[in-house]
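Chemist: Fold the following.
(6 chains)
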Protein chains: 4
Amino acid sequence: MSRDAAPAIEATVDSHRPAGRPRDQATDAAILQAAIELLAEAGLRKTTIDAVAARAGVARATVYLRWPTRDALLAAAARQALGQPIYPLTGDFATDLATGARRARTALAQPLFRAIFPELARGLLTSSPAAVYDEIAPNRQRLAAELIAAPEAAGFRDDVDPTLPFDLIIGATLNHLLATGDTPSEADTARMVEVVVDGLRRRA
Amino acid sequence: MSRDAAPAIEATVDSHRPAGRPRDQATDAAILQAAIELLAEAGLRKTTIDAVAARAGVARATVYLRWPTRDALLAAAARQALGQPIYPLTGDFATDLATGARRARTALAQPLFRAIFPELARGLLTSSPAAVYDEIAPNRQRLAAELIAAPEAAGFRDDVDPTLPFDLIIGATLNHLLATGDTPSEADTARMVEVVVDGLRRRA
Amino acid sequence: MSRDAAPAIEATVDSHRPAGRPRDQATDAAILQAAIELLAEAGLRKTTIDAVAARAGVARATVYLRWPTRDALLAAAARQALGQPIYPLTGDFATDLATGARRARTALAQPLFRAIFPELARGLLTSSPAAVYDEIAPNRQRLAAELIAAPEAAGFRDDVDPTLPFDLIIGATLNHLLATGDTPSEADTARMVEVVVDGLRRRA
Amino acid sequence: MSRDAAPAIEATVDSHRPAGRPRDQATDAAILQAAIELLAEAGLRKTTIDAVAARAGVARATVYLRWPTRDALLAAAARQALGQPIYPLTGDFATDLATGARRARTALAQPLFRAIFPELARGLLTSSPAAVYDEIAPNRQRLAAELIAAPEAAGFRDDVDPTLPFDLIIGATLNHLLATGDTPSEADTARMVEVVVDGLRRRA
DNA sequence: TCCTAACCGAGACGGTACGTCCCGTCTTTCA
DNA sequence: TGAAAGACGGGACGTACCGTCTCGGTTAGGA
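Modeler: Next comes the predicted model:
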C-alpha cells in the first residue's frame, strides 16, 4: 500500500482525501488482532463477528464497514496472521531453502495455524489463489527466482518448475501435519531439504 | 459403530439384531451420495442438512439417526468421496510412487476435492488425524512399508522417514493447487517423481 | 374461520391433521399475552420481537413461525386486546347506544389503548380495514342493523347511514382523547348520547 | 423555542443574534417538504432520516441541527402538512360547522393523511396533546367559542361540552375512515351536520 | 479585511432491532 | 423401532436505521 506516497510537488492535488470522517486505522488493526486471537484461542467456530467486535471494543456494524462478510474478515485475519516475513536470501540456494523449511515448520506448528488453515484453504480454493498465496508466502516466488539466477544453479536440473523445491518442502510439511497432527521433527526437516536439493542435482 | 459386524457363523449370537424395524442400508448411501453431489455442485456452505435430506428424499431426523452432527456427515462424505482405492504395488518403488503421484494429481484436480478439502482439513486438524488420514489415503502407509522392504531400497538412504516420499509428492501437488489454483501438469508431475527418487538415492 | 367444523361422520377424512409435530396452541396465547403486556407496560417502541419472545419464554424463531413480521404480531395483539365483547342488545336503540358509549369510554381510557392505537390505526389504514375493524368492534354493524330493524326506528330519520350513530359516539370519544389526552366524563358521555339520539329523530 | 420572539423595541437586547453563520431558512422548508412528500409517497416506514436528507439535498447532520429526533421531525411534518387553515367564521354556527365538516372530509381523504395519522396519533397520545392538537386544528377551540357566544346559541342546550359538536363531526369522519377505509360521502357529511345541529337544539 | 463561530456535506461509529437461515432436539403420526 | 414431517430453543448472519461524532470546507457577520 504505497498509498501515502506523498509526491513532493503535487501533494495537494494527489492526496485529495475522501470527504467525511476518515476511518480510524487503529480500528482496522484492533479488529484483525481480535480475530486472530479468537481464532487461536477459541477456534474457527467461535470466532463470531459478534465476538470479534466485542473483543475489539467495536460495534458490529463497524466490522461490516471494512469486510463485507465473516469469510472476508477471516481470510484477512489469516493473511495477517500467517504472512511470512521476507527473510534475506544469502544467495546460496540450499541454505535459503533450509531456512525456509525451518520457518515453515515453526509457523505450521502453531495452534493458530491449525485453527486458520481450513478457512485459508477455503479462501484460496474459491477465489483467485495466486495473488493471495504470494501475499502470504512471498518467499515462494523469491526462491523460484533465486533458483533460476543463482550461480549454483549450474549444477541443477533446469527442466523443472522453479517453484518445485518450495512446493515440495512446504507441501511435505503440510501433508505431514495433516496426516499425523504434527510437523516433522527438526532433524527430519533437515534431511528432507537434503533429499530435495540432491534430487535437483544434474545426474552424471 | 458395529458397522462391520455380521460375520456369517456367529450371527445369531453376536449380532442379536436390535428390536424394531431395521435401518434401510440404501438410505445411508442415498444420504452420502446427496451430500457428495451437493458439495461438488454448491459448495460447503450450501451443503446443509436440510438440503442433503431434501435431495436424498429423506427426513432431516433420519440423517441424525446416522450421523450425530453436520460435521460428522461431511467428514463421512469426504472420506467416501476422496477415499483412494488401494492399487496393487508392483514391488518397484519408483514405479509405485509415480502411480500414486498420477492418481493424486487426478483426484486433486476434481472440483469435488476443492469443495471438500477445507472441511476435510478441519476434521484432520481438530480430531485425531492419523486414523482418518490413513482411511482416506491408505497408500501412504503401504508405500512407506514398501520403501523399507523393497529390494531396491538398498540403494536408498535409510535415515529418512519412510513416509517422506509420499508426503513430498502429495504435499507438493496440494501446495501447487493452493498456490496456483491448479494441479501441476502431467509432465511436471513425472519430473517431480524423478527428483524425489533421485534425492533418496545414497550418495557416493 | 370455521376451520374446526368437525363433521360427525367423516371426521377421519376431513380432519386429516397436517403431518409433523402440531403447533402448541398455548404458545400462540403466551406470545400474544406477552405482547399485550409489553405494549401496556413499556409502549410500542420497546415491544420488540426479542422482548416479546423473552417474556413469553419462547424462541424468536417461534414467533416468526406464527406472524411474518413485527407489524403483523402487533396488529394481532391489538385485535386481541381491544376486541370488544358483543353485548346483548335490549332492542331499545337509545339504551343500546348508551351502553356502547359507556363501554367505549372505558376501553379507550385504558393505557393499553393509548399504546396500541397508533399501531392499530396504521394497520387499519394500510390494509383492507372493513374486515379488521368489524373484528375489533362488531357492535358497529350490530347497532346499525338494530337501527334499521328496531320498532322505535319509526321515529328516526331513515335517510342517514345506519352506522352514523356509532361513528358519532365512538368518533367523538376518540377525538376527545386525541385532543385532550382523556376520554370525556361519564356525564358528558351521557349527554352526548342524548344529543345524537335527539338529532336522529324525525322533525315535525 | 423563542422562535416567535422578536418584539420591535427590545430587539437589540433580546434577540442578540447568535454569532456565526445563520441557518438557512430555505433548508428548513426543504427538509419538511421532503418529509411530507416521502410520507405521502412511501409511507411512514420508508420515511427515514437518510431518505429525507437525500431528497432534500442535505446532509443528515443538518437535519439533526433542526429536530432532535426522527419523531420530532415527523411530528413537525405532520403539523405542517395537516394544519388546517383558520377559516373566517360567519357567525352562524350551523353554517360554520358544516364548513368545518367539509374541510375535514377533504383533508382526511388525502393519502397523505392516511400515511401520517398513525404517527400523529402516537405523538398526541404520548406527549401533552392539547397544545399540539389545537395547533393542527385551531378551529376546534374557535367553534367552541362561537357555540358559546353566538346569538343562535339561545336555542341550543347549554349543558354540553362546547367542543362536543366539533368532536362529533371530526370524530365520526375519522371513525368512518378507520372502519371503511374512506371518508363519508358529501351528502352523508351534510346529513351528519344536520343530525348534530338538531341534536343540540333545546327540546320543548 | 480579517477572525471566528456556526453551518453544512460527508461519512465513520456505537448501538439496536429486524428478518433469515441453520443447527440439533423433540413431538406427533404412520408403517 | 424406523421414518416423515414439522415445531421448537438457540444462535449467528447480514442489513437497515438511529443518533452522535469527527473531518474538511464554507459563509455570514463583528472586530
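Chemist: Return the residues of chain A in contact with DNA strand E.
Modeler: Applying CB under 7 Å from any atom of the strand, one finds that chain A approaches DNA strand E through A:18-24, A:27, A:57-62, A:65-66. C-betas here are computed from N, CA, C, even on glycine.
Chemist: ok, which pair from those residues is furthest apart?
Modeler: A:Ala19 and A:Gly57 (26.6 Å; CB to CB).
Chemist: And the two? Which one has more around it.
Modeler: A:Gly57 (11 against 6; other CB atoms under 10 Å in any protein chain shown).
Chemist: tell me the contacts of that one?
Modeler: Contact analysis of A:Gly57 by CB atoms under 8 Å, 6 or more residues apart in numbering or on different chains lists A:Ala30.
Chemist: Apply 10 Å and report the result again.
Modeler: A:27, A:30-31, A:34 (CB atoms under 10 Å, 6 or more residues apart in numbering or on different chains).
Chemist: Could you list which residues are in contact with A:Tyr64?
Modeler: A:49, A:53, A:70, A:72-73.
Chemist: so where's chain A shaky on pLDDT?
Modeler: For chain A, applying pLDDT under 70 flags the ranges A:1-16, A:128-131, A:204.
Chemist: can I see the domain layout of it?
Modeler: Following automatic domain parsing, one gets these domains for chain A: A:24-81, A:84-200.
Chemist: Out of those domains, which one sits most buried?
Modeler: Neighbour counts (mean count of other CB atoms under 10 Å in any protein chain shown) averaged over each of the domains of chain A peak at domain A:84-200, with a mean of 19.
Chemist: In this structure A:Ala34 contacts A:Asp50, no?
Modeler: No: contact criterion CB atoms under 10 Å: A:Ala34 and A:Asp50 do not qualify, at 11.2 Å.
Chemist: and for these two, which residues touch both?
Modeler: Taking CB under 10 Å, 6+ apart as the contact rule, A:Ala34 and A:Asp50 both touch A:Val63.
Chemist: still on that earlier bit, which ones among the contacts of A:Tyr64 map onto strands?
Modeler: If you go by DSSP state E, the contacts of A:Tyr64 have nothing in strands.
Chemist: Can you list which of the residues you listed are found in helices?
Modeler: A:49, A:53, A:70, A:72-73 (DSSP state H).
Chemist: residue nearest the centroid of chain A?
Modeler: Using CA atoms, centre = their mean, the residue of chain A that lies closest to the mean C-alpha position is A:Ile136, 2.1 Å off.
Chemist: Quick check: the gap between whatever residue of chain A ends up closest to chain D and D:Ala51.
Modeler: Residue nearest to chain D within chain A (CB to the nearest CB): A:Gly20, separated by 9.7 Å. Going from A:Gly20 to D:Ala51 by CB to CB, to the nearest Å gives 19 Å.
Chemist: repeat for A:Ala187
Modeler: According to CB to CB, A:Ala187 and D:Ala51 sit 68 Å apart.
Chemist: cool, and A:Ala40?
Modeler: Using CB to CB, we find A:Ala40 at a distance of 44 Å from D:Ala51.
Chemist: check contacts around A:Leu143.
Modeler: A:Leu143 sits next to A:89, A:93, A:96-97, A:99-100, A:137, A:150, A:162-163, A:165-166, A:169 when contact means CB under 10 Å, 6+ apart.
Chemist: at 8 Å what do you get?
Modeler: Taking CB under 8 Å, 6+ apart as the contact definition, A:Leu143 lies against A:89, A:93, A:96-97, A:100, A:163, A:165-166.
Chemist: What is the nearest of those residues to D:Phe113?
Modeler: Once CB to CB is applied, the member of the contacts of A:Leu143 that ends up nearest D:Phe113 is A:Thr163, at 72.7 Å.
Chemist: Surely the closest one touches A:Asn139?
Modeler: No: between A:Thr163 and A:Asn139 there is no contact under CB atoms under 8 Å: 10.6 Å.
Chemist: what about stretch A:148-156 and chain B, any contact?
Modeler: No: counting by CB under 8 Å from any CB of the partner chain, no contacts exist between stretch A:148-156 and chain B, the nearest distance being 9.9 Å.
Chemist: which outside residues touch that stretch?
Modeler: A:91-94, A:147, A:162, A:200-202.
Chemist: Could you export those to CSV, including columns for distance to chain B?
Modeler: As requested, the contacts of stretch A:148-156 are arranged in CSV below (distance: CB to the nearest CB, whole Å):
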residue, distance to chain B
A:Gly91, 22
A:Asp92, 18
A:Phe93, 14
A:Ala94, 12
A:Leu147, 12
A:Pro162, 11
A:Leu200, 6
A:Arg201, 8
A:Arg202, 10
